[in-house]
Structures are given as structure tokens and as C-alpha cells.
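got a predicted structure plus its sequence, pasted below:
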Amino acid sequence: MIEVEIISGRTLDQGATVEEKLTDEYFKAVNYCELSEDDFNALGLAEGDKVKIKTEFGEVVVFAVKNKDLQKGMAFIPMGPYANMIIDPSTDGTGMPQFKGIKGVVEKTDEKVLTVKELVEVI
Amino acid sequence: MPETKEEELTNVICTFCGSVCDDVLFDVEKYKGKKFCKLGSAKFSKKERIKAPMIDGKEVSYEEAIEKAVEILLNAKRPLLYGWASTVNEAIRLGVILTEKVGGVYDQCASVCHAPGTLALIEEGVPGGSLGEVKNRADVVIFWGSNPMEAHPRHPVRYSVRAKGLLIKDRKDRKVVVVDVRKTKSANMADLFIQIKPGYDYPIISALRALVKGEEDAVPDEVGGVSKQQLKELAELMKNAKYGALLYGLGVTQSRGRDRNVENAIKLIQLLNRHTRWIIWPMRGHYNVVGAGDVPAWEVGYTYAIDFSRGYPRFSPGEFAANEVLQRGDCDAALIIASDPVAHFPKASVAHLKKIPVIQIDPFPNMTTLISKVVIPSAMAGLEAEGTAYRMDGIPFRVKKIIDTEYWSDEKILELMLEKVNEKLGLR
């Protein structure tokens, strides 16, 4: 298990499929988490492996992806339903939840990555 | 099949991101766009639609769906009417009036996007400029917490990086800086990439303010992962610009500090304007998210998080922004238009949305469709419906209707909804 700071945000694939949310393309565009090479290796991960990410606010299972440009200790998840399972919902009076910079832990898992429809059901 | 010649294609205006590209083309016969970026191409391509209006999953007529929607809105004590960023000003105007009539809360996508910048603007004002000025004049452009290569792919080419203009004749005439917590795709196109620690935007901006002011001693050796030397170089670059543009994104508004980060950045820009010309501007996301704020501003005085439950408009983001209302369980019905909060809100907010009757108006099925009681499909603005949209810098564009459709426009749906509400309230 490693500690990370989680950032969510737009990607080109997420944007290109954002109006087709019930398709496999959208599912693939948002269901993963990028980790630095160091963290990816430290968790003993291989491409296609899954990780469980836990924060104070929830947990989610996603696919793990290695990103050599990412700094150690940082995790990036495309904005969308998977990231939103674990981000900080409080707005500090601004109306804006904290979508970026949430502390969490990542561990390797064999659990299933839920589909978009299954995610709605478990909320 | 041979390529259709450009002159035979129809000029359209893209209705995906806040860049609102007005130079793109569409082949009606092949249903295919030309010159679009990946995001615009996807928007202007054939995809699954909501087939017909539905109540509880059962197909009904537009009139029946609207009748049911009106019944839900009028039976609610305080409905939330949310979305609006991907529709045209004419529809938004009707939406604001509808929210007032049903005594609800009006909120729009900026509340999970650039609204913290609005709070900063209320405090500080905004030294701004148009994208045309950036293209023609800006010799220093800083993207701070924004990633145009993925969020506004043609912005760099048309306005901010490789764009050639009146005074900027070549890419070499412009210095491009990217400040971010990650090495994004946009970092690769920059002359200078400054990687900062997450959540340290505020102190770094404060350090730059001190350096621009000439108070170097106040700055420690390192701030938020950036060395003092690098900060000094950036401050010098900013002071020496002839026309600088700080274009910020959600990296600033969605992380620790939120509105205060933007406020601090505006103060930095105000200070720089004592030396030279600088502007600051948000990289707005949806094509008409500016309209979703400006239309209610000219109708009732506020841009988002507006409550009408007392019969007059009240603005308070800590109370009336959609996420606050939902997490408090303070709305008993919702109308969601041109948006998908089930996908884009934190689960604590979605949990309440699942408990109340939801009405959805949208051209495409999305995660909100899955929980909606009443679903009303609409025509896609820019292709099947016309109207006015504000580009990210507030410049109005008339988006076009070039294809006939059976789907009603958002404007037509809201018009009938408002008519029914007036009828039931005995107002007409």
C-alpha cells in the first residue's frame, strides 16, 4: 500500500466520449488511475492490473496505468464517475467540491472494476 | 469516397468547448466535420440519442413529458434547476424565469468549474482581454493549472501559442510558460515548464507578488517545490512582457485555496499592470458556460447559486450551489438540462439526487438518464438548433441549425414548460 495525492482532470479521450457515457469507449476513458513509475513498480503492478484507491471519502477500483511523467506520490484519475467516488465533496462555502489534491492510499487488488451503470447503483 | 471540396461544406460553429471555433466545416451528406479537433469531431458525429420522451422509462409524447415535469416542479417545495452550460442563451433565459416561477434554485456547471473565479472577481474585478488581443499582442502567455492540449485543443493554434497576429508574427515572438502539478501534454509545447507541488498555487503567487514588488528578501529559497531562482526568472519574464496573458484552469479553482488562489492571481496581475500590460482570464470549459452565468446576471443580478424560494433572488454559493443543496438534502426535485451531474458530482451529492424525482433535458443519454423519472430529448445546438452562445471571452456567436430534426430544441421545450407553469399558477 502506498500513499498518494489524487488529482482528477480532463483528458482528450474523456472529452471525446463525454456525450457517449453509456458506451465502452467512455468506460475505458475514465476507469483508470495513472501512477508514477516508482509507485507502479513498488506495488508490483503489471499493465492491466487493478488497484483499489481509498480516501477519507470513499473507495473505488480502477485499472492501473504507468505514467513516466508523473511524480512519485501522485495519482491522476480522469474526471468522471470513478474519480468522484473518492474526491472530497466539501466545498468550504465556495460551492466547489475539492476535485484535486486529495490524500489517499493505493493497493493492488483482484476486485472487479464496476461498470458505469453498476457505479450508479452502489452510490 | 472522394473528399468533398471545402467550398461545398457548410460553415458551422463548434458547440463543444469554450473556444467556440467559428472556422469549422460540416459535410451534411456524410455527417462528418472538417477542421475540428478530436473533441469537436466527436461532438459533431453520429452517436446514440435518447429516442423519445419518457416517463419512468415508458415512451410518451413531448406534451405528456412536459406536463409531468411541470407537475413535479410545482409540487416540489424547492426544486433545483441545474446545468445550462451546453445550451444557448435563449434557453437559459427561459430557465431563469422558470426557476423564479417555481421558487427553485438556479445553478450551473461553473459551480464545479470556474465559479471560484467569479467569487474572486466580485472581490477584485478582473483585468481581462479578448482572445483576439491574446492572438495579436500577447508575447508572454502563461497557462496556470490549465491543459489546453486536452481541454481546448485548438486554442493554442488559433489564439495563444502558434497563432500569428498583428504584432506576434511567429511562434518565436511569444514565450509560453506552463505551470502545473503534472507534466501535461501542454507542458511539452511550452518554452518553460514549472512543476509545482499540489495545493501550493497560493504561496507561489504570493512569492511572485513579492518579487514583482521588489521585496526579494521576503521570499524563501523554495516555495511549493519551485526554487527562488526559478521564481525570480519568472517574475522578470512577467515584468518584461509587452503584453502578458495568464490563462488559468481548474488546477487553480478545484484545488486547495480555490477562489483565494484566483484572487491572489488577480492581485499579481494588478501589480504587473503598474509595469506593463497583463490580463488574466479563465479557460472556460463548456461552449456556453459563460452564457449560463451571464444570462442570469442580466436577468436577476447573479451568475450562479441563486435561490428564488422567497420570491426574490438570493446569491450564496455556500448555501445554494448545487453540491451544497444536494449534500444538505435541501431540494426535493431537480431539473437537469445540458449536463450530467451523476457523472460529475461527488457521490455524496449524487446520493441525494437518486432519492428525488429528476427531470432530464439532453440530446444524449448519460449517467443522469439512468436515474431520471422524466427524460426529454432535445435537439443539439449548433447542428439541429440555433441560438446565441458566449465564447470564453464573452464574445457572442450565433450557433447554427443546419439539419432538420424531429427533436425539439431546449428553447421550445422550456417555452412550453413555462407556459404550462403560468397556466397552473393562474398567471396567464
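Great, that's in hand.

when you work out contacts or count neighbours from here on, use the C-alpha atoms and nothing else.
Will do.

ignoring the adjacent residues along the chain, who's closest to the residue of chain A at minimum distance from chain B?
Here the residue of chain A nearest chain B is A:Gly93; by Cα to the nearest Cα that distance is 3.8 Å. Leaving aside its sequence neighbours, A:Gly93 sits nearest to B:Gly318 (Cα to Cα, 6 or more residues apart in numbering or on different chains; 3.8 Å).

so the one you found is in which element?
If you go by DSSP states H and E, B:Gly318 is part of helix B:317-320.

B:Asp107 too?
Assigned by DSSP H and E, B:Asp107 falls within strand B:105-108.

is chain A contacted by whichever helix or strand comes after that strand?
The helix or strand immediately downstream of strand B:105-108 is helix B:115-124, counting by DSSP H and E. Yes - legend: contact between helix B:115-124 and chain A by Cα under 8 Å from any Cα of the partner chain is shown at B:Ala115, B:Pro116.

per-residue pLDDT of the residue lying farthest from the centre of chain A, please?
Computed with Cα atoms, centre = their mean, the residue of chain A farthest from its C-alpha average is A:Gly93, at 25.4 Å. Looking at A:Gly93, its pLDDT is 92.

from memory it sits against B:Phe320, does it?
No - taking contacts as Cα atoms under 8 Å, A:Gly93 lies outside contact range of B:Phe320: 9.9 Å.

need the overlap of contacts for the two.
Common neighbours of A:Gly93 and B:Phe320, using Cα atoms under 8 Å, 6 or more residues apart in numbering or on different chains, do not exist here.

tell me the mean pLDDT for stretch B:88-101?
Averaging pLDDT along stretch B:88-101 gives 98.

what's next to the helix or strand in which B:Ala385 is found, contact-wise?
Here B:Ala385, judged by DSSP H and E, is contained in strand B:384-390. With Cα under 8 Å, 6+ apart as the test, strand B:384-390 has contacts from B:87-90, B:287-291, B:379, B:381, B:396-405, B:409.

among those residues, which ones are in strands?
Filtering the contacts of strand B:384-390 for membership in strands, criterion DSSP state E, returns B:Pro396, B:Phe397, B:Arg398, B:Val399, B:Lys400, B:Lys401.

okay, now residue 97: neighbour count?
In the absence of a named chain, chain A is used. 26 (other Cα atoms under 10 Å in any protein chain shown).

try chain B instead
Counted with other Cα under 10 Å, B:Ile97 comes out at 17.

do B:Asn273 as well
With other Cα under 10 Å as criterion, B:Asn273 counts 16.

what does B:Asn188 give?
B:Asn188 sits with 12 neighbouring residues when counted by other Cα under 10 Å.

give me phi/psi at it?
phi -70, psi -20 (degrees, to the nearest 10).

contact partners for it?
Contacts of B:Asn188 (Cα under 8 Å, 6+ apart): none.

10 Å instead?
By Cα atoms under 10 Å, 6 or more residues apart in numbering or on different chains, the contact list for B:Asn188 reads B:Met149, B:Val178.

follow-up on the earlier one: want to throw the ones in strands among the contacts of strand B:384-390 into TSV with neighbour count, distance to B:Tyr200 and pLDDT?
Converted to TSV, those look like this (neighbours: other Cα atoms under 10 Å in any protein chain shown; distance: Cα to Cα, whole Å; pLDDT from 0 to 100):
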residue	neighbour count	distance to B:Tyr200	pLDDT
B:Pro396	16	35	98
B:Phe397	17	37	98
B:Arg398	16	40	98
B:Val399	23	39	98
B:Lys400	19	43	96
B:Lys401	18	45	97
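
if we can go back for a sec, now the buried members of the contacts of strand B:384-390.
B:87-90, B:287-291, B:379, B:381, B:396-402, B:409 (16 or more other Cα atoms under 10 Å in any protein chain shown).

ok, the spatially closest residue to B:Arg158 that is not a sequence neighbour to B:Asn188 distance?
Using Cα to Cα, 6+ apart and skipping residues adjacent in sequence, the residue nearest B:Arg158 is B:Lys135, 7.3 Å away. According to Cα to Cα, to the nearest Å, B:Lys135 and B:Asn188 sit 20 Å apart.

in which helix or strand does the spatially most central residue of chain A reside?
By Cα atoms, centre = their mean, chain A has its centre lying nearest to A:Ile77, at 3.6 Å. Assessed by DSSP H and E, A:Ile77 sits inside strand A:74-78.

check A:Glu47 too.
Per DSSP H and E, there is no helix or strand for A:Glu47.

please verify my assumption that it contacts A:Glu37.
No - in terms of Cα atoms under 10 Å, A:Glu47 does not count as a neighbour of A:Glu37; the distance is 11.6 Å.

okay, those two: which has more neighbours?
Counted by other Cα under 10 Å, A:Glu47 and A:Glu37 do not tie: A:Glu37 has more neighbours, with 17 against 10.

and the more buried one, what's its pLDDT?
pLDDT recorded at A:Glu37 is 97.

look up how far A:Val4 lies from it.
Going from A:Glu37 to A:Val4 by Cα to Cα gives 13 Å.

try B:Ala235
From B:Ala235 across to A:Val4, the span is 31 Å (Cα to Cα).

burial of B:Lys169, as a residue count?
For B:Lys169, using other Cα under 10 Å, the count is 15.

got it, and B:Lys347?
28.

residues in contact with it?
B:Lys347 neighbours (Cα under 10 Å, 6+ apart): A:57-58, A:81-89, A:119-120, A:122-123, B:327, B:341, B:353.

may I see the ChimeraX selection of the buried members of those?
Selection of buried members from the contacts of B:Lys347 for ChimeraX, criterion 16+ other Cα under 10 Å:
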select /A:57,81,82,83,84,85,86,87,88,89,119,120 /B:327,341,353
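
which of the contacts of B:Lys347 fall within strands?
Residues from the contacts of B:Lys347 lying in strands, with DSSP E as the criterion: A:Gly58.

can you tell me which of the contacts of B:Lys347 are in helices?
Judged by DSSP state H, helices contain the following of the contacts of B:Lys347: A:Leu119, A:Val120, A:Val122, B:Gln327, B:Pro341, B:Leu353.

and those as JSON lines, adding distance to A:Phe27?
Compiled in JSON lines, the ones in helices among the contacts of B:Lys347 are given as follows (distance: Cα to Cα, whole Å):
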{"residue": "A:Leu119", "distance to A:Phe27": "11"}
{"residue": "A:Val120", "distance to A:Phe27": "13"}
{"residue": "A:Val122", "distance to A:Phe27": "16"}
{"residue": "B:Gln327", "distance to A:Phe27": "26"}
{"residue": "B:Pro341", "distance to A:Phe27": "17"}
{"residue": "B:Leu353", "distance to A:Phe27": "22"}
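
from those residues, which two are the most distant?
For those, the farthest-apart pair by Cα to Cα is A:Leu119 and B:Gln327; their separation is 18.5 Å.

going along the chain, name the strands of the stretch 101-250 of chain B.
With DSSP state E, counting those that start in this stretch as the criterion, the stretch 101-250 of chain B has strands at B:105-108, B:140-144, B:175-180, B:192-195, B:222-223, B:226-227, B:243-248.
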